[in-house]
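Enquirer: give me the fold of what follows.
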Amino acid sequence: MSTAEKVRVAVVGAGSFGQAHLRAYAQLERADVAWVCDADVDAARRTAAEFDVPHVATDLAAVLADHEVQVVDLVTPVALHAPQATAALQAGRSVICEKPMALDLSEALLLADVAASSPGALLVKYHQRFDPVHERMRDLLAEGTHGTGLVAHIEILGDHLAALRSREHWRGDPRMTGGGCLFESGSHLIDLAHFWFGPAARVTATTHQLAADNPDKGEDTATLVVQFASGAVMTLVGFWGAPGWDWRKEVFTSRQVRLSVETGDSNALRLRERDGTDRVLAVEDDWFARSVRRSLAHALDCAAGDARPQVTVDDALASMRTLDAAYRSAREGRTVELA
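Expert: Here you go, the predicted model:
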């Protein structure tokens with residue numbers, strides 16, 4: 001298939017992230033979005049009408065009955081990822097799967113086995129790898145231009161407290177999402193750390209529910225220390241009871257340089273040196289939407305056979321292993337070694 005040919009897509013999930021994907025597809029010439037699928041038929045119809053998508057379904061079977069659908073894009077709760085991806089892969093379709101790929105590592109490993117025997121590709125959407133600022137950080141660390149990465153510090157401070165306290169809202173419900181702030185928000189940053197530093201060697205973590213006061217939900221607070229095989233160490237702190245949102249990503253190098261990603265509507269990579277030098281190396285405006293669009297464009301190219309995945313199934317499994325080790329560490333009160 002040439003790069004000029006369309007790829008027929010079904011978007012499963014009509015919520016806010018499904019709509020973010022649809023906005024991206026609307027700007028991709030290669031995308032031919034034919035279906036919006038959601039258990040809530042009214043939501044599916046509204047979303048399909050908004051994005052001029054011709055077909056609506058309430059279950060995946062109806063989508064898979066359209067044999068021209070090449071890609072199933074899963075933007076559904078984590079509990080549905082593995083069963084829906086399994087059905088689509090067994091039907092020979094490629095799957096774009098929102099992160100994390102499954103509720104836990106054992107489920108992720110089973111899904112990886114299904115993907116290995118399918119003609120379709122499993123493409124887990126860790127879109128932060130597709131942001132040019134994050135790519136520039138990776139390249140600087142790989143080149144050693146400013147020294148090797150020694151210590152990384154990441155903070156995820158945000159306000160999901162109302163959702164955690166709600167008995168009806170899905171957010172933070174381990175049965176639906178796998179866990180709380182570490183699983184939902186931390187999983188993106190764990191993957192980004194793998195992107196920068198390579199495989200993890202050992203993990204120590206704590207998880208707590210300090211503010212939500214809801215035993216049916218997961219943690220609102222998490223701390224994580226990861227030592228990588230490269231020798232770098234990352235600390236991660238997450239709290240879902242903060243006012244507003246604040247993301248902090250810093251790397252300190254062997255040459256006493258600080259590289260920091262300042263994240264808001266835009267992403268900016270700032271360098272600070274010991275001699276007082278302070279300059280911005282890269283900026284990406286509207287980074288979230290643009291990284292989503294780049295990741296989906298790449299996924300369509302992969303599904304068409306015109307590119308090799310930049311995020312492989314093994315990459316996704318590595319992030320799941322680190323996440324699994326973090327929860328084991330928190331439960332057992334010990335450091336977990338990764339082979």
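
Enquirer: just give the number of residues close to Ala142.
Expert: 12 (other C-beta atoms under 10 Å). Every residue, glycine included, has its C-beta placed from N, CA and C.

Enquirer: ok, now the one 4 residues further on?
Expert: The number of residues packed around His146, counting by other C-beta under 10 Å, is 19.

Enquirer: what does Pro100 give?
Expert: The tally of other residues near Pro100 (other C-beta under 10 Å) stands at 28.

Enquirer: thought it was touching Leu323?
Expert: Yes - taking C-beta atoms under 8 Å as the definition, Pro100 is a contact partner of Leu323 at 6.8 Å.

Enquirer: now do the shared contacts for those two.
Expert: Phe183, Ser187 (C-beta atoms under 8 Å, 6 or more residues apart in numbering).

Enquirer: check Gly244 and give its pLDDT.
Expert: Gly244 is assigned a predicted lDDT (pLDDT) of 86.

Enquirer: on the three-state scheme, it is what?
Expert: Classification of Gly244 by DSSP: H, G, I helix; E, B strand; the rest coil places it in strand.

Enquirer: helix, strand or coil for Ala299?
Expert: Assignment for Ala299 (three-state DSSP): helix.

Enquirer: so what touches stretch 201-210?
Expert: Counting by C-beta under 8 Å, 6+ apart, residues outside stretch 201-210 touching it are 164, 179-180, 182, 217-229, 241, 322, 325-327, 329-330, 334-338.

Enquirer: give the buried residues for stretch 245-263.
Expert: 247, 249-253, 257-263 (16 or more other C-beta atoms under 10 Å).

Enquirer: could you do stretch 104-123 as well?
Expert: 104-105, 107-108, 111-112, 114-115, 118, 120-123.

Enquirer: and if you look at stretch 329-339?
Expert: Under 16+ other C-beta under 10 Å, the buried positions of stretch 329-339 are Ser329, Ala330, Val336, Leu338.

Enquirer: hang on, the earlier thing: columns distance to Ser295 and pLDDT on top of the buried residues of stretch 245-263, output as TSV?
Expert: Shown next, in TSV, are the buried residues of stretch 245-263 (distance: C-beta to C-beta, whole Å; pLDDT from 0 to 100):
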residue	distance to Ser295	pLDDT
Trp247	18	90
Lys249	18	97
Glu250	24	97
Val251	22	98
Phe252	28	98
Thr253	28	97
Val257	29	97
Arg258	28	97
Leu259	23	98
Ser260	23	97
Val261	17	97
Glu262	21	93
Thr263	17	92
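
Enquirer: which one of the residues you listed is nearest to Val313?
Expert: Nearest to Val313 among the buried residues of stretch 245-263, counting by C-beta to C-beta, is Lys249 at 25.4 Å.

Enquirer: residue contacts, that closest one?
Expert: By C-beta under 8 Å, 6+ apart, the residues touching Lys249 are Ala152, His153, Ile154, Leu189, Leu192, Ser260, Val261, Thr263.

Enquirer: downstream neighbour of the biggest helix by length in the chain in the secondary structure list?
Expert: If each helix of the chain is counted by residues according to DSSP state H, the longest one is helix 313-332. The helix or strand immediately downstream of helix 313-332 is strand 336-337, counting by DSSP states H and E.
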